[in-house]
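# When you get a sec, could you give me coordinates for this:
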Amino acid sequence: MTSSTARAASGTPAPADVDRPVGGVVAPPGIGEAPRRRRADAYDAFLAPLLPSRPGVALVAVGGLGRRQCAPHGDLDLVLLHAGVPGIDDLAASLWYPVWDAGLRLDHSVRTVAEALSVAQDDVKVALGLLDARLVAGDAALADTLIRTAVDHWRRTAVRRLPHLREITAARWQAHGELAFLLEGDVKEAAGGLRDVGILRAVATAGVTDALRPAVRAAHVRLLDVRDALHEQAGRRVDRLLAQERDAVAARLGLRQPQPTGAPGNGHDGDVLLRRVAGDARTVSHALDDAFRAAERLRAGRSRTGSARPARRPVARDVVAHDGELVLARTAIGARPDPTLSLRVAAAAATTGLPIARATCEWLAAYCPPLPTPWPAEARAALVTLLGAGPGLVAAWETCDRYGLVDGWLPEWPRMRSLPQHNPVHRFTLDRHLVQTACEASRYAREVDRPDLLLLGALLHDIGKGLPAANAEALPGGREAGDGAPGGRDPGDGAADHSTAGVPVAEAVATRIGLPAPEVALIGTLVRLHLLLPDVATRRDLADPVTISRVAEAVGDPATLDLLHALVRADAAATGPAAWSSWKGRLVAELVGRVRTALHTGALPAPPTPDPALLAEPLPVVRLTGDRVAVAAADRRGLLATVAGCLSLHRLDVVSADASTVDGRALVECRVQPRYGLAPDPIALGGDLRRAVAGDVSVTQRLRGRALAGRREAAAPRVVWHREAATDAVVLELRAADAAGLLYRVTCALDEAGAQVRAARIATLGGDVVDAFYLVGRWPDDATRARLEAAVLGAV
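Down below sits the predicted model:
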């Protein structure tokens, strides 16, 4: 093997933005259809002379070269076709080795026409590949025989083979995910990517349906451009759009974030790229779903006996089920269509689970007039039915969105469509997250007095994301940090003020829909406070009367509290599995129960009573029960830090911690969860805790070593003070990158600085933490607070 052959086999990248020499012929760089065709011409010019002119032999290109859509660093897919001529192996070697020596990646095969068709018969992916076959050099009649026969065979067998192809495709989607909702998606293999366009091309070739409509063709061209730019940026073949390449790829494509006059942009240039890729992927995915359904209808039609036609069955006013799809009743099509018709069709699709026929969607998009302001009652009822349909909502909404119907209902929707959410706990783009939240909220409709407002609040709860928050007011329970509000957020976070910024937008939507003023105000309250319960539950001391009274004041009444509780659970389920846990659910439920009691009776929580065993047994006392760790020891400084460090040593994350002193005994009670899913050995943990609180030097040294090893580089941490959030303390809130031993380091720093920590609440947000420490006393002196803040930041 030559050095260039070894280079090709190892995948060594070629420099980006330069012509690639191919056997003396230049394969030009560039992005777009013309450069792709020029690359195909260059490869053809390089390959054609390699094949001697002899009958019964042809060099056929498939894949990207067959389609003349060559990526800058794509593979060459070649078939040496022959009619049983002698010496074919030597001939193949004389072809393949120059290709390898040119530094090109090669996928090759040597077959007769019969062998190629036999493999295509057994492997549907090979059958699809032959649909792209194109003669490069050699016997044109031989190649034409293969190409015509492969296409003819596909057309005759496609309807029968498409179910198997659908199974293979679903397995690929499961492995690679949905391109529309991935921050680092594979533009070829993920659902909605280039591989799916190939399936659509095969469906169109079979004549099953018009799968390659103009919108799909445009999406395909843009996805090809993204792959070209990605190859040129990386200098090698790569199909996954990684975060570090995103902005540079966007720049190569000439994508820029729009900057409206007087308002900042909504993100980076890379976000524009993500939104475009997401929109194109959704177009492709929707077209493929439609194509598979068309094939299924065709199969069902062929299996019917006689001349029986599918029956038409009314499912709602003006809506009829026909051949597995929803179509308009004949009476609904007139010179002046009902403005509520599109919403009523969508509601029927969601409740029945049947898709809306493509022709029906196109007719509604072209002829259904806009809704009046305010909406009529029938339109509001249809919207509530649509949002409350459960699993059927997502597919029906996506179909309506593909045809522009949603824009007519909600003019705010285009701003949110395919908007990426960079927090790793989110699995969907913003628009899909809102629809998914409404879908999840339908599960809690029977738990609230106003399920219609719950569904509408779920759809609108994050409508403020992406809006500038500079003019957002600080509202009760709002997002301004440092104001003492429960769960206040950092305005420096890109989405920090979205709860406040979304209130006027959500209220405007509710007004346009036709809700009365009190219900409009309640929708605004749900949007403003939708993060209140989880923030307070995970960051504040639920036994502190101030915590409960402030939440009760912000919520106002039990009915709103129930709506917020349902919305929190729906929001978490729609966000992703990392957004919720059993302990978080228990904390939120505990908070809701205490606030409900306060709203009904005015009673606030009594101070917690310590476990009697911690006060009676000889010191030290260690109690391990489920997710609870309780320790009693002789009163001394640094006990909380010692316990926290020991728990970290055993790979336990502390969720909450409470420290107190009773009759000379220091008590520490913690709620914990395993960092990696496996609980530690309770005997080893109990032994280390007893030795640590007793001052064993060996354990202390291990704690310090682990704490130093846990330090890592990250964005600068920040400290925020909340001076009115507790009864007898101020709250120091630390926002920093998560790391093993962090709680131990910080509590050590607080102890050495002379601060007494009576409680700690730890909330993990992806790779970051928001740790709240209740420091006994008022801490009014600015210089003292600055010294303490410096100590904490130094420990981080």
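
# how about the helices of the stretch 151-300 of the chain, start to end?
Counting by DSSP state H, counting those that start in this stretch, residue ranges of the helices within the stretch 151-300 of the chain are 194-205, 214-234, 243-252, 269-303.

# Looking at those, which is nearest to residue 34?
Shortest distance between residue 34 and the helices of the stretch 151-300 of the chain, using Cβ to Cβ, is found for helix 214-234: 11.1 Å. All C-beta spots, glycine's among them, are computed from the backbone N, C-alpha and C.

# quick one: low-confidence ranges for this structure?
Applying pLDDT under 70 to the predicted model, the residue ranges of the chain that meet it are 1-27, 258-268, 302-308, 469-496, 700, 703-715, 765-766.

# Need the residue closest to the centroid of it.
What sits nearest the mean C-alpha location of the chain, by Cα atoms, centre = their mean, is residue 427, with 2.1 Å.

# mind checking how far that residue is from residue 244?
Distance check for residue 427 against residue 244: by Cβ to Cβ, to the nearest Å, it reads 21 Å.

# Let me see the domain layout of the protein.
3-161, 177-256+268-301, 618-795 (automatic domain parsing).

# Quick one: end-to-end length of the shortest one, please.
If I follow you right, that is domain 177-256+268-301. The separation between the terminal residues of domain 177-256+268-301, taken as Cα to Cα, to the nearest Å, is 32 Å.

# Quick one: distance of it to the chain centre.
Using Cα atoms, centre = their mean, to the nearest Å, the distance from the centre of domain 177-256+268-301 to the centre of the chain it belongs to is 17 Å.

# Report the contact partners of the residue lying farthest from the centre of the chain.
Note on the chain: the largest C-alpha distance from the chain mean falls to residue 86, namely 55.9 Å (Cα atoms, centre = their mean). The contact partners of residue 86, taken as Cβ atoms under 8 Å, 6 or more residues apart in numbering, number zero.

# name the element it belongs to?
Secondary structure assignment for residue 86, by DSSP states H and E: no helix or strand.

# Likewise for residue 81?
Here residue 81 is assigned to strand 76-82, by DSSP H and E.

# What is that strand packed up against?
Taking 3 or more Cβ pairs under 8 Å, 6 or more residues apart in numbering; DSSP states H and E as contact, the helices and strands that strand 76-82 lies on are helix 33-47, strand 57-62, helix 63-67, helix 88-101, strand 106-112, helix 113-122, helix 140-176.

# right, so of these, which gets closest to residue 433?
When the helices and strands packed on strand 76-82 are compared by Cβ to Cβ, helix 140-176 sits nearest residue 433, at 19.6 Å.

# which residues sit against stretch 214-221?
Outside stretch 214-221, the residues that reach it (Cβ under 8 Å, 6+ apart) are 33, 194, 197, 200, 212, 279-281, 283-284, 287.

# And that stretch, what's buried?
215-216, 219-220 (16 or more other Cβ atoms under 10 Å).

# just stretch 276-294 next, same as before
Buried residues in stretch 276-294, counted by 16+ other Cβ under 10 Å: 276-288, 290-294.

# now stretch 394-408
In terms of neighbour count (16+ other Cβ under 10 Å), stretch 394-408 has its buried residues at 394-403, 405-406, 408.

# gap between that stretch and the chain center?
The chain centroid and the centroid of stretch 394-408 are separated by 19 Å, computed with Cα atoms, centre = their mean.

# Ends of it, what's the gap?
Criterion Cα to Cα; first-to-last residue distance in stretch 394-408 is 18 Å.

# Mind listing residues that contact it?
Counting contacts by Cβ under 8 Å, 6+ apart, the residues touching stretch 394-408 from outside are 282-283, 286, 342, 346-347, 349-350, 353, 355-356, 361-362, 364-365, 368, 370-371, 386, 389, 413-414, 417, 431-432, 435-436, 439.

# What is the neighbour count of residue 596?
When neighbours are counted by other Cβ atoms under 10 Å, residue 596 registers 16.

# Residue 143 is in contact with residue 135, isn't it?
Yes: here residue 143 lies in contact with residue 135, judged by Cβ atoms under 8 Å, at a distance of 4.1 Å.

# any residues in contact with both of those two?
Between them, residue 143 and residue 135 have 58, 60 as joint contacts when contacts are counted by Cβ under 8 Å, 6+ apart.

# Now distance to residue 545 too, for the domains of the chain, in a markdown table please.
Formatted as a markdown table, these follow (distance: least, Cβ to Cβ, whole Å):
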| stretch | distance to residue 545 |
| --- | --- |
| domain 3-161 | 63 |
| domain 177-256+268-301 | 42 |
| domain 618-795 | 6 |
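
# Give me whichever of these is most buried.
With neighbours defined by mean count of other Cβ atoms under 10 Å, none of the domains of the chain is more surrounded on average than domain 177-256+268-301, at a mean of 20.

# What residues does the closest residue to residue 767 other than its chain neighbours make contact with?
Distances taken as Cβ to Cβ, 6 or more residues apart in numbering place residue 738 nearest to residue 767, at 5.6 Å, with adjacent residues excluded. With contacts defined as Cβ under 8 Å, 6+ apart, residue 738 is in contact with 764, 767-769.

# cool, and residue 317?
When contacts are counted by Cβ under 8 Å, 6+ apart, residue 317 is found next to residue 344.

# one more time with 10 Å
Contacts for residue 317 (Cβ atoms under 10 Å, 6 or more residues apart in numbering) come out as 329, 331-332, 338, 340-341, 344, 348, 378.

# go on, residue 558?
If you count contacts by Cβ under 10 Å, 6+ apart, residue 558 has them with 449, 552, 592, 595-597, 599-600.

# Quick one: the helices in the stretch 451-600 of the chain, in order.
Residue ranges of the helices in the stretch 451-600 of the chain, as given by DSSP H, counting those that start in this stretch, are 451-460, 498-513, 517-528, 532-539, 545-555, 558-575, 582-601.

# what's the closest of those to residue 661?
For these, the distance to residue 661 is smallest for helix 545-555, at 20.3 Å, taking Cβ to Cβ.

# Return a selection command, for use in ChimeraX, containing the buried ones of the contacts of residue 558.
Applying 16+ other Cβ under 10 Å to the contacts of residue 558, the buried members can be selected in ChimeraX as follows:
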select :552,592,595,596,597,599
